[in-house]
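Colleague: How does the following fold in three dimensions:
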Amino acid sequence: MKNKRLAIRLEYKKNILHEVTSDALSETLSIGRAPDCSWIIPVEDNLASSHHAAVMLKNNRWCICDTGSRNGIFIKGERISERVLHIGDAITIGDCLLIVEEAHAAAETGSNRIQLLTGSEAGRIFHLEKRRYIIGSTPDCDIPLMNQLVSRKHAEIDVRADGCWLNDCGGKNGTSVNGTKLKTGTERLLKDSDIISIAQFDLKFLDRSVRHSQSKLWNSLLVASITAIAVFSVYFVYVHLNPSALDLLEQSRRAAAARNFEYAEKLLADSKTGRGAEDCSLRASDLARHIESWKETIRQWQIAQENLASGRWTDAAYALGAIDASRLEIWNWNDSDAMESRKQAELAKKLLDSFLTAGNAAANDETPFEKLKTLAANLDSMLSESIRLKLPCMENLNKQTAKLVSELKSDISANDRMEKILLRLAEKPTPYQNIITELEEIIKNSRGVTRVRAEKLVLPIIALKKSSHSLREAIDRIADMDFSTVASAQLQLPPLEQCALNPHIATLRREQSDIHSKLASAASRLNHLCSALREYNITEKGETPSQIVCFFDPAVMKNVFACDVLGKKLPSRARRAPAGDYDRVLGMEPFYDFLYSLPMDFDPAIYDDIAFPVEILRAKQTFRRLEDLSSFAAQDGNLIFFRGKLGGFKRFTDELLQKRSALVKDFAGQSLETREGLIANGIAIFLAGKRDIPESLPEKYMNAMKKYRLPLVKLSSDFSTASPARAIEIRDEILRRGIPGDPVVKKMWSKR
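Modeller: Model (predicted):
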């Protein structure tokens, strides 16, 4: 055996993690989950320790030793602390398997290969016979993996003289080898049986220098068996004449299994001077630790039973906590009564913990009843199991648990009645007084935790009833146009901690808080809207302001359409007062600038240079603020405010908008071939709301204006060469047909 080369490999879920031959080992090989181990076990292996085991050379033989692991190492189901490695060994380390085989000389034949392990083409093999191979999600890749989680060019294998190198090309989900993710742009030399993981696919690398065939395990076992029979015959006599440390340890383990710990410790002490004691030192130390833990477990379990029988719950809980039933290693002195004791201790601890937890929860009036229901159900279930075991030490705990379960069920029943009452908080309108009356009835007829809880529940509901009344008053104030009072008012809501006792109360408080915020916001917005309208003389008195009245005054509009300013002397652009009704209503220069700029949008800046208020601009600004109020009223939930005084004001403002729409419709219906029609359509476009005129009218107006001005411009060009008499005719014709503000008209006006 010493002369044979061993092939040692570590597998995790049938995937090879590490592999080495014995002649390539030069020092101890540490195995575990820690980063400083020679062979690192994946973090997914929860049974493996940080430093679990080690392969080391001892007396010129390779051995495996447990290095203080939590769950030990096993061969054929038997836990071992140290063992010389033999061909055919399969040693369990956590969820991993250390396999020992005879190493064969490598023969480089064929080519390196990639085998698909998962997916619809599992088993397919790709021979790596050229320099580069692309792995990706397109059909033209060398190794296609058709999945949306795989990038088009995900990874690359570079075949070189020194081996095959894997490189991640920046795939969106990364590339891993044996569970370790590669960094983008970093190469890794592939070893035989490396598992490459990309998205949902696993691929296995097969090195051409390794024979991939079934190990000759059965032949090895047959040879080993024949050899063992021959050796065993001679060795049997020697062993019985000279007891070894290993035999003594086995006897000690059997004594411990029978709970004869005193004798077990004596045999353990004898093993330290027995034959082969040095080779069994780790195993002896391990058994010594186990015996101490088993003795302590039995002692604490006896203490726990005594305390349970006498009702000393805290002492019992402490003792049961010291012998955690989930720690299998402190309960495995044998497979019979140890396991039964473990089962009893586990149930006792669960029942006691649940009993104490439920008792504390029941005494706390802030405990949610949903939690109490869960605790009561769990306690009832465990109580039934405990009664079936018929343990004398559990009789007292069973009795107290049954009493607590009965009390919990009574409290839960009372709470269910309260929950049904509180469900009515979601009704609209909320029947506050009925709910308060029913809760006060429960307070009157209950005691203890149930009464305290009902008392705590009724307080925030009384407060919410008052705050609900305040909200109704706020809506009435808004309807009465008392906006400032509502905008500045504070709503007196119950404290959050009171409302947190029940989700229905908490929801209602949150709803009232939201309503108050919306009312304050609405009041503030309405105050702003109404204040803006008052600036344009729109008040609740219902009087139409002059800037709107003028457009419905026949005498004024007659002067406007007649362009009365043209009958007077050309006014200065810096004038401080209007030159006539046309100038007062429309603003001579800026109104023409507006007409000439169509179909472009209106620019209020064209009126900045005029020194007096122009009615059409003030009317447009007034209608815009009326539209703002109308838009606010149309928003969801806002119509509730428009009743009473505010409702009357809203009706008045709606009438003004309706008058505007009728005026615009009338003016926009006039012909665009006359000066009066051009002015009327211009006023309509200037004052129109979004849906008062067709969208095509501004474009149509522009074309009509160009056509109308064309003969006036022609006349103006003839003016300088015309005779004095003809020049006067041209001047008067342009002034008769032209629109004030037009440069052609202004030129002729200045010559009159």
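
Colleague: what residue ranges in the protein score low on pLDDT?
Modeller: Counting by pLDDT under 70, the chain contains low-confidence residues at 1-3, 104-109, 210-243.

Colleague: what residue is smack in the middle of it?
Modeller: residue 173 (20.5 Å; C-alpha atoms, centre = their mean).

Colleague: and it, that one's in a strand?
Modeller: No: assessed with DSSP: H, G, I helix; E, B strand; the rest coil, residue 173 is coil; it does not lie in a strand.

Colleague: which phi and psi does it have?
Modeller: Backbone dihedrals for residue 173, given as degrees, to the nearest 10, come out at phi -120, psi 10.

Colleague: Same question for residue 612.
Modeller: The phi and psi torsions at residue 612 (degrees, to the nearest 10) take the values phi -130, psi 160.

Colleague: so how far is residue 588 from it?
Modeller: In this view, residue 612 and residue 588 are 11 Å apart by C-beta to C-beta, to the nearest Å. Glycine gets a C-beta too; all of them are placed from N, C-alpha and C.

Colleague: Also residue 562?
Modeller: As judged by C-beta to C-beta, residue 562 and residue 588 stand 14 Å apart.

Colleague: measure residue 244 to residue 528 for me?
Modeller: Between residue 244 and residue 528 the distance, using C-beta to C-beta, works out to 100 Å.

Colleague: cool, and residue 34?
Modeller: Distance of residue 34 to residue 528, given as C-beta to C-beta: 69 Å.

Colleague: ditto for residue 635
Modeller: According to C-beta to C-beta, residue 635 and residue 528 sit 15 Å apart.

Colleague: And those two? Which one has more around it.
Modeller: A side-by-side neighbour count of residue 635 and residue 528, using other C-beta atoms under 10 Å, places residue 528 first with 15 against 10.

Colleague: The more buried one in helix, strand or coil?
Modeller: Using three-state DSSP, the three-state assignment for residue 528 comes out as helix.

Colleague: and it, how far is that from residue 487?
Modeller: With distances taken as C-beta to C-beta, residue 528 is found 10 Å from residue 487.

Colleague: Residue 562 and residue 588: which has the busier surroundings?
Modeller: residue 588 (27 against 16).

Colleague: I figured that one hits residue 741, correct?
Modeller: Yes: the pair residue 588 / residue 741 is scored as a contact, 4.8 Å apart, by C-beta atoms under 8 Å.

Colleague: coming back round to it: tell me, what's touching residue 562 and residue 588 both at once?
Modeller: residue 582 (C-beta atoms under 8 Å, 6 or more residues apart in numbering).

Colleague: list the contacts for residue 258?
Modeller: Counted by C-beta under 8 Å, 6+ apart, residue 258 has contacts residue 334.

Colleague: no, scratch that, I was asking about residue 128
Modeller: 111, 112, 113, 114, 157, 159, 164 are the contacts of residue 128 under C-beta under 8 Å, 6+ apart.

Colleague: Turn those into TSV, including distance to residue 503 and neighbour count.
Modeller: Below are the contacts of residue 128 laid out as TSV (distance: C-beta to C-beta, whole Å; neighbours: other C-beta atoms under 10 Å):
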residue	distance to residue 503	neighbour count
111	68	13
112	64	22
113	62	17
114	58	21
157	59	23
159	65	16
164	62	21
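
Colleague: Between those, which sits nearest residue 185?
Modeller: Distances from the contacts of residue 128 to residue 185 were compared by C-beta to C-beta; the smallest belongs to residue 157, at 14.9 Å.

Colleague: Secondary structure element for the closest one, which one?
Modeller: Assignment of secondary structure by DSSP states H and E places residue 157 within strand 155-160.

Colleague: Show me what whatever helix or strand comes next after that strand is packed up against.
Modeller: Where DSSP H and E defines the elements, the next helix or strand beyond strand 155-160 is strand 163-168. With contacts defined as 3 or more C-beta pairs under 8 Å, 6 or more residues apart in numbering; DSSP states H and E, strand 163-168 has these neighbours: strand 155-160, strand 187-189.

Colleague: Partner strands of the last one and their direction?
Modeller: Looking at strand 187-189 with DSSP bridges, its partner strands are strand 163-168 (antiparallel).

Colleague: Next, the angle from the strand it pairs with to strand 155-160.
Modeller: Orientation note: strand 163-168 sits at an angle of 160 degrees relative to strand 155-160 (axes from the mean of the first three to the mean of the last three C-alpha atoms, to 10 degrees).

Colleague: and the helix or strand following strand 163-168, which strands flank it?
Modeller: Toward the C-terminus, strand 163-168 is succeeded by strand 176-177 as the next helix or strand (DSSP H and E). Strands flanking strand 176-177 in the sheet, each with its direction: strand 180-181 (antiparallel), strand 195-198 (antiparallel) (DSSP bridges).

Colleague: Quick one: distance of strand 176-177 to the chain centre.
Modeller: Centre-to-centre, strand 176-177 and its host chain are 29 Å apart (C-alpha atoms, centre = their mean, to the nearest Å).

Colleague: Need the residues that contact it.
Modeller: 166, 182, 188, 190, 194, 195, 196, 197, 198.

Colleague: of the residues you listed, closest to residue 85?
Modeller: When the contacts of strand 176-177 are ranked by distance to residue 85 (C-beta to C-beta), residue 194 comes first, at 23.6 Å.

Colleague: wait, the closest one sits on residue 204?
Modeller: Yes: Residue 194 lies in contact with residue 204 (C-beta under 8 Å); the separation is 7.4 Å.

Colleague: between these two, which one's more packed in?
Modeller: Here residue 194 and residue 204 are compared on neighbour count by other C-beta under 10 Å; more neighbours surround residue 194, at 21 against 18.

Colleague: show me the contacts for residue 538.
Modeller: 545, 622, 625, 626, 653, 656.

Colleague: Can I get the residues you listed in TSV including neighbour count and secondary structure?
Modeller: Formatted as TSV, the entries for these read as follows, by neighbours: other C-beta atoms under 10 Å; DSSP: H, G, I helix; E, B strand; the rest coil:
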residue	neighbour count	secondary structure
545	17	coil
622	25	helix
625	20	helix
626	24	helix
653	24	helix
656	19	helix
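
Colleague: Specify which member of those is nearest to residue 432.
Modeller: Using C-beta to C-beta, the contacts of residue 538 come closest to residue 432 at residue 653, 37.1 Å.

Colleague: Quick one: neighbours of residue 665, just the number.
Modeller: The local packing count at residue 665 equals 13, with neighbours defined by other C-beta under 10 Å.

Colleague: That one: helix or strand, and which one exactly?
Modeller: When elements are assigned from DSSP H and E, residue 665 belongs to helix 644-668.

Colleague: list the helices and strands the helix or strand just after that helix packs on?
Modeller: Past helix 644-668, heading to the C-terminal end, the next element that is a helix or strand (DSSP H and E) is helix 675-687. Using 3+ C-beta pairs under 8 Å, 6+ apart as the contact test, the elements touching helix 675-687 are helix 554-561, helix 588-597, helix 615-634, helix 644-668, helix 697-719.

Colleague: closest one to residue 468 among these?
Modeller: Residue 468 lies closest, by C-beta to C-beta, to one member of the helices and strands packed on helix 675-687: helix 644-668, at 20.3 Å.

Colleague: show me where the stretch 451-600 of the chain has helices.
Modeller: Under the criterion DSSP state H, counting those that start in this stretch, the stretch 451-600 of the chain contains helices at 483-488, 496-499, 503-534, 546-549, 554-561, 581-586, 588-597.

Colleague: I'd like to know which of those helices is closest to residue 314.
Modeller: Residue 314 lies closest to helix 496-499 among those, at 31.3 Å (C-beta to C-beta).

Colleague: got the contact list for the closest one?
Modeller: Residues from elsewhere that reach helix 496-499, judged by C-beta under 8 Å, 6+ apart: 456, 459, 460, 463, 505, 506, 508, 509.

Colleague: switch to 7 Å and redo it
Modeller: Under the contact criterion C-beta atoms under 7 Å, 6 or more residues apart in numbering, helix 496-499 has outside partners 456, 459, 460, 505, 506, 509.

Colleague: Relative to residue 364, how far out is the fourth one?
Modeller: What it means is residue 505. 19 Å.
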